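Trainee: this one's sequence-less:
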């Protein structure tokens, strides 16, 4: 059974204070690791897909990296508008390309 | 493109009442999904439809039924609502190229069962 664990559950940063969120996963055969952003009262918004260990992707202040056991979402010099819950999910390639989600990390960036 | 749309946005039901949550996508996607999101539980898959005419159970299907009405629409029905079904429900769809495309989510339906 696929498992996804995200840490920390919540993170408070000052504006400009860089940090990383962690996503540890157990999957029989990874066919993609996904990062989403979710704002309060809204649906998850897609950020990145990573397919193989060593891969990195960047978007503005966010950079996602992948190893064989975990993924990191690095946030460089965050701004208050980066405050959101960040979700990690894995696809093991089973029927329907189902995703298994972690519980998320709630990020708050204070001005 | 509107993307994935869901109706209603909010709903309050009494125990035992029935209702249908509607979902539509305008991206010509083959696959569609229904999730529920509860505090401390993350997003959990209820049912999915890999293509028009097919549906399959996910992680938590008990108490729900689905209908893939056509390629665009995928509905979720609660036949006899229970307080344990109080949750936020999200519909999603996925692109058609291979198995590694991202899922796009709707805005959600917030359901309370009294």
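Mentor: Yep, that arrived. All of these numbers come straight from a predicted model, not from anything done at the bench.

Trainee: residues touching residue A:35, list them.
Mentor: Contact analysis of residue A:35 by C-beta atoms under 8 Å, 6 or more residues apart in numbering or on different chains lists A:23, A:47, A:48, A:50, A:64, A:71, A:73, A:86, A:87, A:88. The C-beta positions use only the backbone N, C-alpha and C, and glycine is treated the same way.

Trainee: between these, which is nearest residue B:60?
Mentor: The closest of the contacts of residue A:35 to residue B:60 turns out to be residue A:87 (C-beta to C-beta; 17.5 Å).

Trainee: hmm, residue A:45 and the closest one touching each other?
Mentor: No: when contacts are counted by C-beta atoms under 8 Å, residue A:87 is not listed as touching residue A:45 (9.6 Å).

Trainee: flag every residue of chain B that's near chain A.
Mentor: Residues of chain B lying close to chain A by C-beta under 8 Å from any C-beta of the partner chain are B:4, B:31, B:33, B:40-45, B:48-50, B:56, B:58, B:90, B:92, B:94, B:99-108.

Trainee: restricted to strands, list those residues.
Mentor: B:4, B:31, B:33, B:42-45, B:48-49, B:56, B:90, B:92, B:94, B:103-105 (DSSP state E).

Trainee: give the buried subset of the residues you listed as a PyMOL selection command.
Mentor: In PyMOL, this line selects whichever of these come out buried by 16 or more other C-beta atoms under 10 Å in any protein chain shown:
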select buried, chain B and resi 4+31+33+42+43+44+45+48+49+90+92+94+103+104+105
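
Trainee: name the nearest residue to the residue of chain A found nearest chain B, ignoring sequence neighbours.
Mentor: Of all residues in chain A, residue A:43 sits closest to chain B, at 3.6 Å by C-beta to the nearest C-beta. If you skip the residues right next to it in sequence, residue A:43 has residue B:105 as its closest partner in space, 3.6 Å away by C-beta to C-beta, 6 or more residues apart in numbering or on different chains.

Trainee: okay then, goodbye and thanks.
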